[in-house]
Structure formats: structure tokens, C-alpha cells
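# The sequence isn't on hand, but the structure is:
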């Protein structure tokens, strides 16, 4: 039994290494892996981090495959192709638990902060689009839809690299918000839609 679990974990990790995600501010899936990946059998997760616990119970792949939230062939038609309420999972069944409202752990940021993408495969980017949930939207009780977002910025291209960081400037936000990042990878028409929970201090 232990051997089967280890083999499964290795296969998930191998798949995840082919892709990337936002690690700062931590995406929902990345936070769960970073915080609990080495301690995922700890029953304390249910009380200390209930959103990661429910995600792991729904599908352990959500945690282990935190880099693999990609959709091929969206052609930039994100709002038409990804339904409201499915943004944080990129409309992928394996990551459905990431859409669930609740007390997701947050990263504290100021009005000006940086997005940090880690991509072991060094795909590069055609662009990033960054949004912030509107003031008054409550991630603890509401699922994210397109009308809940304020568009903040779109970047230019980035050359292939394992780590890409760029600045984001905002104003007028306070409390718990979702930073929603679209990463359009350069090597294919491959898009990653990523939710990071932040607290504007």
C-alpha cells in the first residue's frame, strides 16, 4: 500500500514539473502544497487550514499537481470559455475544490506588490493579465465570476525562464481579495488561470 502511494506521488510530481504557477502571492494550490505537502497526513490540517483540507479530501492531485492548471487552445477567449464560478480551477475538474469560497490563507501585500511565476519548464510568456476582486467581494462566501474582477494590468512578452517576476500597482483595496492571474505561455496556446488570496494591509 505504501509503495503504491509513493509511486502515485512520484508520478504526480513528475507531471507537475512540466509546468508552472504563481508562487508569490501563493496560488491556492501552491499554498496547500508548500504548507502541507510534506505533512499531508496531519489531521491538524482540517482545523488549521480547512480550505486545503477540503481540497485534499476532494482530490489529492490538487495539491500534488499544483503546477498543472492549464488549458490548451483557449485562443484568448477566456471569458467566453471559462464559466463564472470556475475561474480558480481554470474549469478543470481535478481542481474544482479551488473554486469553493471559504477562509483561504492569505498573503499580506501592499498597494504595490510583485507577481512571481515559477516555471520549471521555462515556457516564457506571451503576456500576463492581472485582475483583483472588487472591493466588497467576499472570497469567504462568494465564488469568483468575471464581473467580480477589476482589470489591473497586462504585461508584454517574457523570454523563457524558470522564474519571472513583475510589478503590480493598485490602489483602493483593503482586506481579503483574490488576485487573479492569466498566464499565456509562449510555447503553445496554453493558458493558466490562477487565484491567489491576498490581504491588502
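On my side now, so go ahead. All values reported here derive from a predicted model rather than from experimental measurement. Numbers count the residues shown, from 1 in each chain.
# Not counting sequence-adjacent ones, nearest residue to residue 89?
Nearest residue to residue 89, sequence neighbours excluded (Cβ to Cβ, 6 or more residues apart in numbering): residue 95, at 3.9 Å. Every C-beta, even on glycine, is put in place using the N, C-alpha and C of the backbone.
# can you count the residues close to that neighbour?
Close neighbours of residue 95, defined as other Cβ atoms under 10 Å, add up to 25.
# Look at it and give its secondary structure.
When the structure is split into helix, strand and coil by DSSP: H, G, I helix; E, B strand; the rest coil, residue 95 lands in helix.
# so what does the one helix or strand residue 114 maps to touch, helix or strand wise?
Taking DSSP states H and E as the definition, one finds residue 114 inside strand 112-119. Here strand 112-119 touches strand 20-24, strand 125-133, strand 163-169, strand 175-185, going by 3 or more Cβ pairs under 8 Å, 6 or more residues apart in numbering; DSSP states H and E.
# Could you export these to TSV, including columns for mean pLDDT, mean neighbour count and distance to residue 32?
Below are the helices and strands packed on strand 112-119 laid out as TSV (pLDDT from 0 to 100; neighbours: other Cβ atoms under 10 Å; distance: least, Cβ to Cβ, whole Å):
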stretch	mean pLDDT	mean neighbour count	distance to residue 32
strand 20-24	96	24	12
strand 125-133	98	21	20
strand 163-169	98	14	21
strand 175-185	98	22	16
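# residue boundaries of the helices in this structure?
Read by DSSP state H, the chain holds these helices, from start to end of the chain: 2-16, 28-36, 45-48, 50-58, 61-64, 78-81.
# And the fourth one, what's buried?
Neighbour-count burial for helix 50-58 flags 51-53, 55-56 (criterion: 16 or more other Cβ atoms under 10 Å).
# contacting residues for residue 155?
By Cβ atoms under 8 Å, 6 or more residues apart in numbering, residue 155 lies in contact with 125, 127-129, 166.
# that older thread, kindly provide the distance from the residue nearest to residue 89 to residue 29.
In this view, residue 95 and residue 29 are 7 Å apart by Cβ to Cβ, to the nearest Å.
# Repeat that for residue 67.
Between residue 67 and residue 29 the distance is 8 Å, computed by Cβ to Cβ.
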